[in-house]
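Colleague: everything below, folded, please.
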Amino acid sequence: MATESPFRADVLRGKAALVTGGGSGICFEIATQLARHGAHVAIMGRRREVLDKAVAALRSEGLRAVGFQGDVRNQEDAARVLASTVEHFGKLDILVNGAAGNFLASPEDLTPKGFRTVLEIDTVGTYTMCYEALKYLKKGGPGRGPSTGGLIINISATLHYTASWYQIHVSAAKAGVDSITRTLALEWGTDYEIRVNGIAPGPIGGTPGLRKLAPDEMGKGKREMMPLFKLGETRDIAMAALYLASDAGTDTYYKIYKSVK
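Modeller: Sure thing, here's the model as predicted:
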């Protein structure tokens, strides 16, 4: 049985969102919860079959969703998917950057090409999507009124806060994502009233990433060292994204913004 949401069912009514990597895992749950709470949602991914399956699942609930195939590493794809989203929904309010690449590799076995590939997906891809989305998200942009800008949520990780075995490429990439988030929050928040936030999930159960990196879903001994003695759930991250996209998240931002301006 689905857990009842703490948010009103229409809290995002009239909002339009694009979620990269939204075909599976954490970002599919984010797309689902945004749509369940009133948003019109587009998802972007490289694999057509994954996109089609995700969109079909959302539409089976009566939710308004569409999928656009594209690679966040390709600037032309980024521009095309964003333009298609705005054409389809009339505007863009929320961009969630969740497309990511990962695999286990020791530094002595990881080629520069493999290292670069993860940075291009996670770090460069995040920036590319933000760059191409600016004209739609800034206040006064297409389909947007003059009063406020939109929202960017960048999905990061916690690996790089200390150090993690066989994750040098991902740690570097996510450190870059965090830096992008902080810098755009400062500059685009000041110049365009675009809110830029980051969410850094730890180990999340039932996701392709965890199955790839920890096939045993983390043993009991490791769980005993975790907060609450359990893995996180995709819904936990989706609820955080939903809060940031809601009026509560907007109000919190502007209270902080006014206090430090």
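
Colleague: now residue 178: phi and psi?
Modeller: When read as degrees, to the nearest 10, the backbone of residue 178 gives phi -60, psi -40.

Colleague: for the residue lying closest to it once chain neighbours are set aside, give its distance to residue 48.
Modeller: Distances taken as Cβ to Cβ, 6 or more residues apart in numbering place residue 156 nearest to residue 178, at 5.4 Å, with adjacent residues excluded. Quick note: C-beta positions are derived from backbone N, CA and C, even for glycine. For residue 156, the distance to residue 48 equals 27 Å [Cβ to Cβ, to the nearest Å].

Colleague: and if you look at residue 236?
Modeller: In terms of Cβ to Cβ, residue 236 sits 29 Å off from residue 48.

Colleague: more crowded one of residue 156 and residue 48?
Modeller: residue 156 (24 against 11; other Cβ atoms under 10 Å).

Colleague: residue 13: what secondary structure?
Modeller: Assigned by DSSP: H, G, I helix; E, B strand; the rest coil, the conformation of residue 13 is coil.

Colleague: quick one, helices of the stretch 101-250 of the chain?
Modeller: All helices of the stretch 101-250 of the chain, identified by DSSP state H, counting those that start in this stretch, fall at 112-119, 125-137, 168-192, 208-213, 220-223, 234-245, 247-260.

Colleague: export those helices to a markdown table and tack on mean neighbour count, distance to residue 44 and mean pLDDT?
Modeller: Listed next are these as a markdown table, based on neighbours: other Cβ atoms under 10 Å; distance: least, Cβ to Cβ, whole Å; pLDDT from 0 to 100:
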| stretch | mean neighbour count | distance to residue 44 | mean pLDDT |
| --- | --- | --- | --- |
| helix 112-119 | 14 | 18 | 97 |
| helix 125-137 | 22 | 8 | 98 |
| helix 168-192 | 18 | 17 | 96 |
| helix 208-213 | 16 | 16 | 58 |
| helix 220-223 | 10 | 33 | 55 |
| helix 234-245 | 21 | 16 | 94 |
| helix 247-260 | 12 | 22 | 62 |
